[in-house]
Every structure is written in structure tokens, then in C-alpha cells.
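J.: Kindly generate the corresponding structure for this input.
(2 chains)
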Amino acid sequence: MHQKTLVELSADLQKGSLSSEELTRACLERISKYDAELNSFVTVVDQQALAAAQAADARIKAGKAGPLTGIPFAHKDIFCTRGVKTSCGSRMLDNFIAPYDATVTQKLLEAGAVMVGKTNMDEFAMGSSNETSFYGPVKNPWDATTVPGGSSGGSAAAVAARLVPASTGTDTGGSIRQPAALCGITGIKPTYGRVSRYGMIAFASSLDQGGAFTRSAEDAAVMLGAMAGFDERDSTSVDRPVDDYMAGLNAPLQGLKIGLPKEYFGEGLDAGVAAAIEAALDEYRKLGATIVDITLPNTHLSVPAYYVVAPAECSSNLSRFDGVRFGYRASEPKDLEDLYTRSRGEGFGDEVKRRILVGAYALSAGYYDAYYLKAQKVRRLIRDDFLRAFEQVDVIMGPTAPSVAFKLGEKADDPVSMYLSDIYTIAVNLAGLPAMSIPAGFSDGLPVGLHVVGNYFEEGRLLNVGHQYQQATDWHTHAPQGF
Amino acid sequence: MSFIIDCATFAPLFLTRSTDYGVTMALDASEIKKIAHLARLGINADDIPEYSRNLSDILAFVEQLNVVDTTGVEPLAHPLEATQRLRVDAVTETNNRDNFQQVAPEIESGLYLVPQVIE
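T.: Next up is the predicted model:
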């Protein structure tokens, strides 16, 4: 049962050959069997999940079900869930029971999806390996000595290990796509503003965007269809109808123009990853696509621009954690300053502190123009590169990450080297474009992800391009050994 | 066709160290303390050398931005260049004080408590 995709399980539920309660129990059993080792969940909500599953079964019987009704999912612990701990991977929020639901939470629950728990993540989504979590690192199901990627590492590992058919994630610089690649699953980050940020704990507000992990592009179409949409409670939400992502999945790829940025295939790219991507492109040629060489000349500036913009916005967003209204409070503060300083000092981990310091510095008097404003100007150059490319091509492809999953601890003490594992994904966030990672083979026995970037609001095209590839290949069906 | 393209003519993507740019940007202990104070962020004195090293590395890394000429380029604050949406000036929120204060560290009579501010 656990090897079936979301769409297959949904069909079984509708037919009545499977109940949501049976399916949910099976997921909970797998979590209790495997997750002590993987550590992909921070919180599991057995009783709540079973009650939701029973309600879903009643809804299916009443003929009022949608494609997600009765489907168990894991929710990244960055989305507020009323009455359930929402930790954001931090000691700061270890005691935080969210008093309200994020819009994404609400939409998924209204669709009848069954939340089985909240997944582990890098603290406040700051990390590329899931090693900065207060709750300890997540293991990659393909090789327990390697990282699952980050920041949505728990969500990716849980889907890869077949604990749940789908999960949610957020992506500020690659936090859905990079772990999807390293765990061998499908992950999509839509256009900035497509999925509501309301109740999604903010890291860098001009870059943060919610999305989904699944085992196929078809499944991702179902998840994204339920999560996307205008929300007046998010001031940057885009007021525009959501496309029918399922309707476009079967369009043929004949005549599709795929842009290949020469900058993505240079120094630093692992040869095994490059070979897998090359094979994937050959497959697309067979499907009728043409490959067009393009250039994104400011690519090399995207990581530096990101590491000004993201910390600056993080230092501002995280100023709300002050030990007064919610979250961690230091004991016996001697005055108000001591309350702020020690609550923050004791509540935040190292990487979060580093980014707050970098951000505070970049925004401080005398440095604002040199860092933040400069980075925002470079950000325009990076976006303009993409706009020019999309005049010539329909989608852009390349590797999602420069290597397969790296070893736990390998980059933990070297922030800059860690930052570079997001080199191909970060520019997309700066430009606000939609992008997806799909499994495209293996290198040294570990999964390789193919990165597909689309023009604004072309999530439907990305899913179509992913689905057609998954009809012609079976990389997405490979499960890690033992799962 | 091989996709391992010789990128020697392009700015390398994988420069990682301050020495790669010949920049000597460094933050000393007193600057780290000052920034930590601005951010109201408690840090251990023992950790200052490491913060100093890490932050200097990060700042040196972002110095790459200065190699590009951005004269006449407008900063991009929002990827879609959207402007703030305005809502109707109407009461839409209800009072949720009791609900929100359930997660507060310390309250009394609906007020958040902090250490005494005025002697």
C-alpha cells in the first residue's frame, strides 16, 4: 500500500477498496517503525489523524470527497496548526502551540487531507542539510550517513521513505527543491505569491514560498491545486485564478523549447550529476523537445545577493521573538534588556544567530546602501536574465544541486560551503519564478534531481513537463532500500 | 554532446573564500559585540572569535556584488513588482486576546508582564 502514489490511493479511497482510517493507520505504523532512526517528524498526532480519517471516510461515503479527501500528509513545522505545537525547528518555539491555522493548513484540512504530524526542519528554515534543527538532524533514507537536504529535510525524507504519500514544504532559496533532489522525490515551489504565506512563519518575506513534496508530478498537481490561491490575509498573495493543474498534464511535449544555461554546467558540478542530467535531456529530445543554449550571465551573483537579502529580512522578521508574547523566555531576567537579550540568545541556535548578525550589520547605519540596496539592484539584473531567457524558451533545465547528498557533518562548520549547495536554486527565488525538482537517476547510488524552471504562473507547464518525463521513465518509482 | 562546458571565460560559480577576491573585510570582536547589541542577541564571549571568522567569511563572499556595475539599476524589492494592496477601511478582526495570550510566558489581567521598566 505504501508504494502507491497519492493519485492511486485516492482512486482506492473513492472506490471503497481502502478506507482513510486503514491508510492513516498504515502511515502511523510506518512512522513508529522507521522514524526513530530517520527523525523526520517533530510531532505525530495519532489521535487527531485517526479522527480526521474517520471524518474523511464519512465524507467519501456521502459522495462529497475531493482528490485529497482521506489522504494522509505530513506538514512542515513552519506552518501554524491550531492546537498543535509549531516549533519551526527551534528551541524558541519548542513550547509554542499555535493559536490559529495557517491558510495552507486550513485549505488542506478543508480538502479533507489528514495531517499525521509536523516535520523536522532546519531552524527557522535556515539551512541546507537539516542539521541546524533544535530536534537534531534528519537522516536521508537512501543512506543514513548522509543529509536529506534542507531546510524541508523532514518533509522530503518522510515522502522518500514512504511514510506518507505527500508533505508540505517552504522554499526561500531552494528548501523544497534541494531536499527533493537529495531524497529522490518530486518537489515544487510555485511562483512567489501563488501560495499564501499567512501563518507560515516568516524567514525572508520577499523570497519565502510554500509548496509540496510528492512522489510524482501528477501527485504534486493535486497538492498544489489544493494549496494555491489568493488570500487577502497575505499582502503579497496574487489575486489570480488557479489553473487546473491536472487538466494540462497530458499535453505532448512536441516542440517544447528547453533552455540550457551554460553557467549551470561549469566548475563545481559533480560529473555523475552532470551525466544524469545529460541523459534526462536526451529523454526530453526523444519526447520531441528541442534544447536551446542560453545564458544567465549574472548567475554567479545570486548566492552573494541572497546572503544579503535573506539575512536582512530574517533579522527584521525574527525581531518579533522577544520573550514577551510567545515562545521561549529566559528565566529570572534582571531587566527588560536582559529579558530580550537572553531569551533570544538562549532560544536561537548558531546558524540563526549568524544570519541575524549578518542581517543586522547589512541594515545598520552606513551599510544599508552598500549591502542591502546593492543586493536588491543585483537582484533585478538576475531577474532580467530570466526574462530575456523566457523570450526564447518555454522552460529552463539544469541540475537541482551540484552534488548528491553529502555526509552528515561534512559542511556543518563551514557556512559558505553550505550556502553553495543551493547555487542553482537561489536565483529562482530572487526572481520569484516557479520551479520543480524531479528524480532523474542516480550517481554513486544516490538520487539526482533535475531542476525545471518556468515562467511566472506556469506551474501547470512545469507539472506537464515533469509528468511526461515520468510517463517515459521510472526514476520516480525507485524506493530507497529497506523502505 | 557534453554538458561539461569550459567556463573559464565566465565568472566562476564556486569561489568560496575571502582570499579568492583579495578582500580583507573582517569584523573584530568589538564590532561583533556592537551588532549583537543592536540585534538584542545574547552571544557567549567564547563564541565571538568564531562569529568573527564566520561573519567575515560571509561578508567577504558577498563582496562579489561589487564587481558588477549597477549604475542606473533600480532595486527590486518585489519579484513581480507588485505594490501593496489596500483593503477596505472596515473592522474585520475580532478580539482574540484570550486565545493569543494562552501562549504568553507571563500575563496578568490580560496584560503581558515584563520586568519593571521605570524605577
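J.: Buried residues in the lowest-mean-pLDDT helix or strand in chain B, which are they?
T.: Least confident helix or strand of chain B, by mean pLDDT, DSSP states H and E, is helix B:48-62 with a mean of 92. Applying a neighbour-count criterion of 16 or more other Cβ atoms under 10 Å in any protein chain shown, the buried positions in helix B:48-62 are B:48, B:51-52, B:54-62. Just so you know, the C-beta spots here come from the backbone N, C-alpha and C atoms, and that holds for glycine as well.
J.: List the residues that contact residue 38.
T.: No chain in the question, so chain A it is. Taking Cβ atoms under 8 Å, 6 or more residues apart in numbering or on different chains as the contact definition, A:L38 lies against A:138-139, A:141, A:144, A:157-158, A:161, A:163.
J.: meant chain B, my bad for not saying
T.: Residues counted as contacts of B:L38 (Cβ under 8 Å, 6+ apart) are A:360, A:364.
J.: any idea how far it lies from A:A362?
T.: 11 Å (Cβ to Cβ, to the nearest Å).
J.: Quick check, A:H451 in contact with A:I423.
T.: No: under the criterion of Cβ atoms under 8 Å, A:H451 makes no contact with A:I423, lying 10.8 Å away.
J.: residue ranges of the helices in chain B, please?
T.: Residue ranges of the helices in chain B, as given by DSSP state H, are B:29-38, B:48-62, B:97-101.
J.: just for chain B, where's the confidence low?
T.: Counting by pLDDT under 70, chain B contains low-confidence residues at B:1-25.
J.: what are the ranges of the strands in it?
T.: Assigned by DSSP state E, the strands in chain B fall at B:107-108, B:111-112.
J.: contacting residues around the first one?
T.: Residues from elsewhere that reach strand B:107-108 (Cβ under 8 Å, 6+ apart): B:101, B:113.
J.: so what strands line up beside that strand?
T.: When pairing is defined by DSSP bridges, strand B:107-108 lines up against strand B:111-112 (antiparallel).
J.: For B:K33, see how far away the residue nearest the centre of chain B is.
T.: The structure's chain B has its C-alpha centroid closest to B:A39; by Cα atoms, centre = their mean the separation is 10.4 Å. For B:A39, the distance to B:K33 equals 11 Å [Cβ to Cβ].
J.: Show me what the least confident helix or strand of chain B is packed against.
T.: Judged by 3 or more Cβ pairs under 8 Å, 6 or more residues apart in numbering or on different chains; DSSP states H and E, the packing partners of helix B:48-62 are helix A:302-317, helix A:350-363, helix A:415-419, helix B:29-38.
J.: for the ones you listed, which one sits closest to A:G272?
T.: In terms of Cβ to Cβ, the element of the helices and strands packed on helix B:48-62 nearest to A:G272 is helix A:415-419, at 19.3 Å.
J.: Can you give me the buried ones in that closest one?
T.: Along helix A:415-419, these residues count as buried under the neighbour rule (16+ other Cβ under 10 Å): A:415-419.
J.: And chain B, is it touching that?
T.: Yes: for helix A:415-419, a contact with chain B is found by Cβ under 8 Å from any Cβ of the partner chain, at A:415-417, A:419.
J.: Output these as JSON lines; include the columns pLDDT.
T.: Formatted as JSON lines, the entries for these read as follows, by pLDDT from 0 to 100:
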{"residue": "A:P415", "pLDDT": "80"}
{"residue": "A:V416", "pLDDT": "81"}
{"residue": "A:S417", "pLDDT": "79"}
{"residue": "A:Y419", "pLDDT": "83"}
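J.: Switch those residues over to CSV; also include distance to A:D322.
T.: Shown next, in CSV, are the residues of helix A:415-419 next to chain B (distance: Cβ to Cβ, whole Å):
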residue, distance to A:D322
A:P415, 25
A:V416, 30
A:S417, 32
A:Y419, 28
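J.: what helix or strand does A:G112 sit in?
T.: Assignment of secondary structure by DSSP states H and E places A:G112 within no helix or strand.
J.: Ok, A:A74 next?
T.: Under the criterion DSSP H and E, the helix or strand holding A:A74 is strand A:72-76.
J.: Residues touching the strand or helix carrying A:L50, excluding its own?
T.: Taking DSSP H and E as the definition, one finds A:L50 inside helix A:46-61. Helix A:46-61 is contacted from outside by A:13-14, A:16, A:19-21, A:23-25, A:27-28, A:65, A:69-70, A:72, A:84, A:109, A:112, A:114-117, using Cβ under 8 Å, 6+ apart.
J.: residues in contact with the nearest residue to A:Y306 once chain neighbours are set aside?
T.: In space, A:Y306 comes closest to A:I426 once its chain neighbours are excluded; the distance is 4.6 Å by Cβ to Cβ, 6 or more residues apart in numbering or on different chains. With contacts taken as Cβ under 8 Å, 6+ apart, A:I426 has the following neighbours: A:173-174, A:302-303, A:306.
J.: pLDDT and neighbour count added to the residues you listed, as TSV?
T.: Formatted as TSV, the entries for those read as follows, by pLDDT from 0 to 100; neighbours: other Cβ atoms under 10 Å in any protein chain shown:
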residue	pLDDT	neighbour count
A:G173	97	29
A:G174	97	32
A:S302	95	28
A:V303	94	27
A:Y306	96	28
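J.: wait, B:S52 sits on B:S30?
T.: No: under the criterion of Cβ under 8 Å, B:S52 is not in contact with B:S30, lying 9.9 Å apart.
J.: Could you look up the SS state of A:I291?
T.: strand (DSSP: H, G, I helix; E, B strand; the rest coil).
J.: related to what we said a few turns ago, export the strands of chain B as a markdown table, with columns for mean neighbour count.
T.: Supplementary listing: the strands of chain B in a markdown table, determined by neighbours: other Cβ atoms under 10 Å in any protein chain shown:
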| stretch | mean neighbour count |
| --- | --- |
| strand B:107-108 | 11 |
| strand B:111-112 | 12 |
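J.: Going along the chain, name the helices of the stretch 101-250 of chain A.
T.: A:103-110, A:153-160, A:177-183, A:217-227 (DSSP state H, counting those that start in this stretch).
J.: so A:A312 makes contact with A:Y371?
T.: Yes: under the contact definition of Cβ under 8 Å, A:A312 touches A:Y371, with a separation of 7.4 Å.
J.: which neighbours do the two share?
T.: Once Cβ under 8 Å, 6+ apart is applied, the residues that A:A312 and A:Y371 both contact turn out to be A:362-363.
J.: is stretch A:82-89 anywhere near chain B?
T.: No: Stretch A:82-89 stays out of contact with chain B when judged by Cβ under 8 Å from any Cβ, the minimum separation being 9.3 Å.
J.: first vs last residue of that stretch, how far apart are they?
T.: Taking Cα to Cα, to the nearest Å, the span from the opening residue of stretch A:82-89 to its closing residue is 17 Å.
J.: buried residues in it?
T.: By neighbour count on 16+ other Cβ under 10 Å, the buried set for stretch A:82-89 is A:82, A:84-89.
J.: what about that stretch, distance to the chain center?
T.: Mean C-alpha position of stretch A:82-89 versus that of the full chain (Cα atoms, centre = their mean, to the nearest Å) differs by 18 Å.
J.: contacting residues around that stretch?
T.: Outside stretch A:82-89, the residues within contact range by Cβ under 8 Å, 6+ apart are A:42-43, A:45, A:48, A:77-80, A:93-101, A:105, A:118, A:120-125, A:132-135, A:151, A:201.
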